[in-house]
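> My questions are about this predicted structure, shown below with the sequence.
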Amino acid sequence: MVLRFLLLPITGPLMGVTWLGEKILEQASTEIDDKQNLSKQLLALQLAFDMGEIPEEEFEIQEEALLLAILEAEKQGTENRE
């Protein structure tokens, strides 16, 4: 316990940088997962439309919502990097 306290001036900044790196990686992974999930939903929607499972009007409504969500996810990702 005393040794840990004595080494704190050396290990403290390193632990802080490590923690910050983990948080950045966590955020980036979440953003990538969100965009990938939205892209998969868009692909599934397109397939359902192509197979005649949903009408064109419903397809267009859902497609627009997914495209807007993808754009928003990309926008947030860009803002978080700045």
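On my side now, so go ahead.
> what about Ile70, how many neighbours?
Counted with other CB atoms under 10 Å, residues neighbouring Ile70 total 17. For every residue, glycine as well, the C-beta is placed using N, CA and C.
> wait, Gln27
For Gln27, the count of nearby residues is 13 (other CB under 10 Å).
> Which helix or strand contains it?
For Gln27, the enclosing helix or strand under DSSP states H and E is helix 2-50.
> Against which helices or strands is that helix packed?
Judged by 3 or more CB pairs under 8 Å, 6 or more residues apart in numbering; DSSP states H and E, helix 2-50 is in contact with helix 56-81.
> Now do the helix it packs on against helix 2-50, angle only.
For helix 56-81 against helix 2-50, the angle between stretch directions is 160 degrees (axes from the mean of the first three to the mean of the last three CA atoms, to 10 degrees).
> all numbers from here: first residue = 167
Understood, numbering begins at 167; the last thing we discussed is helix 222-247.
> now helix 222-247: mean pLDDT?
Mean pLDDT, computed over helix 222-247, is 86.
> elements contacting it?
With contacts taken as 3+ CB pairs under 8 Å, 6+ apart, helix 222-247 sits against helix 168-216.
> Figure out how far the helix it packs on is from the centre of its chain.
8 Å (CA atoms, centre = their mean, to the nearest Å).
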